[in-house]
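J.: here is a sequence together with a model predicted from it:
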2 protein chains.
Amino acid sequence: MGRPRQFSEERAVDAAMRVFWSQGYEATSTEALCTATGLGRSSIYNTFHSKHDLFARALEHYIQLTAESLTSVLDGEGTVRERLRRLLDVIVADAVDSGRDGCLGVNSMIELGPRDDAVDAMLRKDKEWRIALLADAVRSGQRDGELAAGMDPVSVAHFVLSVIGGIRVAARSGNDRAVLQGIADVAMAAL
Amino acid sequence: MGRPRQFSEERAVDAAMRVFWSQGYEATSTEALCTATGLGRSSIYNTFHSKHDLFARALEHYIQLTAESLTSVLDGEGTVRERLRRLLDVIVADAVDSGRDGCLGVNSMIELGPRDDAVDAMLRKDKEWRIALLADAVRSGQRDGELAAGMDPVSVAHFVLSVIGGIRVAARSGNDRAVLQGIADVAMAAL
DNA sequence: CAAATTTTGTACCGTTCGATCCAATACTGA
DNA sequence: TCAGTATTGGATCGAACGGTACAAAATTTG
């Protein structure tokens, strides 16, 4: 009962995510969120309670999107090395697509991680999950004799995540596709 | 002539650098800068003209410090591979020392790069300089037959910078020394 | 010593921030 | 049809922001 909503909550979260992504948390005003989502202040506060809560929703949405992308690549066809290669290619392609926005996860960890426990916990949990997924892939590649057995799978997982982070920072620094692709190429030589 | 300063400009810039480093630009209030530097508002604005200008000074100071560190490692003893290894070790050690502060350069590029031309230009110029230095080192290693000749030196340079960025992001994400060291170890396998 | 000059501390400026209040609006269910 | 309920737009809140004005204080120079 009551007056029905004139907007889609999911669409609003998605629009908010994009603004936070390109401008950062502090630099995004509530008015900017109103313009981007098309909602009025009342609707935003009535639905999401605060700027911080809306940001958490947006970040969760982003984490879910990228998680799906990661699993779909790692569950794909081919050897583990081929799949890791494809993972980096996807990262490069995404980085080129999103221009200088970089990665919302990395951006948020840097801007808010050290002083926002809620955000920190979300990103930490997601990171642990990705490390486990990558480490599993590495272990399976090592079992098949396809990846060097001497390396610690968890370290390799951290390395891959670190290279991904580095590529996204490089993208936000304005490097072009060739540079990002070159980084991915060299990184693959380590595996 | 006139009343003499009661503070050291250099010390003030250094103190400001540390606050910006750990809190970020937007999240650092002018009052926080007063407390950290020990100066009053008047002294800050009389000397540095604006928060943004003070930040530029602080960032320049940081860039200079890290540039000195980079040259001192790359100009050191040993093979190129040994020096690159030592470079990553220094990065890891610094990252552990500065705790979750990460790298002011990376932090600033992410927070301000896309919307602050002055900051963007400073960081871009510094990056180009570091790429050139690293690429030179790689080329010299390749001439001596000590590094694989097949790789593009500039790509390798970007890779190293990217790994450094990744390590610093990982540090700001709260990873401990063992994780950071593991990333450096795997990265060295690519060279 | 006094005029000139610069720094310093304090009070304050206008603006913008995130957030709230409230009446008008648009629905549901009895 | 109308009481009840939730959403909406608009006005507005107090706090905090970056920055300024101004006079007292502390020097140098003549």
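T.: All right, it came through fine. Residues are numbered from 1 along each chain as shown, chains lettered A, B, ... in the order given.
J.: contacts only, for the residue in chain A that DNA strand D sits nearest to.
T.: The nearest approach of chain A to DNA strand D comes at A:Gly2, 1.9 Å away (Cβ to the nearest atom of the strand). In short, each C-beta sits where N, CA and C put it, glycine included. Shown here is A:Gly2, which makes no contacts under the criterion Cβ atoms under 8 Å, 6 or more residues apart in numbering or on different chains.
J.: next, it: secondary structure please.
T.: coil (DSSP: H, G, I helix; E, B strand; the rest coil).
J.: quick one: stretch A:125-133 near chain B?
T.: Yes - using Cβ under 8 Å from any Cβ of the partner chain, stretch A:125-133 reaches chain B at A:Lys127.
J.: next one: phi and psi at the residue of chain A closest to DNA strand D?
T.: With angles defined as degrees, to the nearest 10, A:Gly2 sits at phi 90, psi 170.
J.: how about A:Ala132?
T.: phi -60, psi -40.
J.: what's the local residue count around the closest residue to it other than its chain neighbours?
T.: In space, and not counting its chain neighbours, A:Ala132 is closest to A:Ala157: 7.8 Å by Cβ to Cβ, 6 or more residues apart in numbering or on different chains. By other Cβ atoms under 10 Å in any protein chain shown, the residues close to A:Ala157 number 24.
J.: just A:Ala36 next, same as before
T.: 19.
J.: quick check: which helices or strands does whichever strand or helix holds it pack against?
T.: A:Ala36 is located in helix A:30-37, with elements delineated by DSSP states H and E. In terms of contacts (3 or more Cβ pairs under 8 Å, 6 or more residues apart in numbering or on different chains; DSSP states H and E), helix A:30-37 is packed against helix A:9-23, helix A:41-48, helix A:51-74.
J.: avg pLDDT for stretch A:96-114?
T.: For stretch A:96-114, mean pLDDT rounds to 92.
J.: tell me the most buried of the helices and strands packed on helix A:30-37?
T.: Counting by mean count of other Cβ atoms under 10 Å in any protein chain shown, helix A:9-23 has the highest mean neighbour count of those, with a mean of 19.
J.: what is that helix packed up against?
T.: helix A:30-37, helix A:41-48, helix A:51-74, helix A:104-111.
J.: contacts for the second one next, please.
T.: Helix A:41-48 is touched from outside by A:5-7, A:9, A:12, A:30, A:33-34, A:37, A:39, A:54, A:57, with contacts defined as Cβ under 8 Å, 6+ apart.
J.: what about that helix, near DNA strand D?
T.: Yes - using Cβ under 7 Å from any atom of the strand, helix A:41-48 comes into contact with DNA strand D via A:41-43, A:46-47.
J.: pull out the buried positions in the helix holding A:Ala36.
T.: A:33, A:36-37 (16 or more other Cβ atoms under 10 Å in any protein chain shown).
J.: for stretch A:171-180, same thing?
T.: Buried-residue list, stretch A:171-180, by 16+ other Cβ under 10 Å: A:171-175, A:179-180.
J.: farthest-separated two in those residues?
T.: When Cβ to Cβ is used, the two most widely separated members of the buried residues of stretch A:171-180 are A:Arg172 and A:Val179, lying 12.6 Å apart.
J.: quickly find the element holding A:Ala170.
T.: helix A:153-172.
J.: which strands and helices sit next to that helix?
T.: Counting by 3+ Cβ pairs under 8 Å, 6+ apart, helix A:153-172 packs on helix A:80-97, helix A:104-111, helix A:117-143, helix A:177-188, helix B:104-111, helix B:153-172, helix B:177-188.
J.: could I have it exported to CSV, CA atoms only?
T.: What follows is helix A:153-172, C-alpha atoms only, in CSV (Å, rounded to 0.1, in the frame of the first residue of the first chain):
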residue,chain,number,x,y,z
PRO,A,153,49.8,-20.8,-5.5
VAL,A,154,48.6,-18.2,-3.1
SER,A,155,51.6,-15.9,-3.9
VAL,A,156,50.8,-16.4,-7.6
ALA,A,157,47.2,-15.5,-6.9
HIS,A,158,48.3,-12.3,-5.1
PHE,A,159,50.6,-11.6,-8.0
VAL,A,160,47.9,-11.9,-10.6
LEU,A,161,45.6,-9.7,-8.5
SER,A,162,48.4,-7.2,-8.0
VAL,A,163,49.1,-7.0,-11.8
ILE,A,164,45.4,-6.5,-12.3
GLY,A,165,45.5,-3.7,-9.8
GLY,A,166,48.6,-2.3,-11.5
ILE,A,167,46.9,-2.4,-14.9
ARG,A,168,43.9,-0.5,-13.6
VAL,A,169,46.0,2.1,-11.9
ALA,A,170,47.9,2.5,-15.2
ALA,A,171,44.6,2.9,-17.0
ARG,A,172,43.5,5.6,-14.6
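J.: thank you kindly, that will do.
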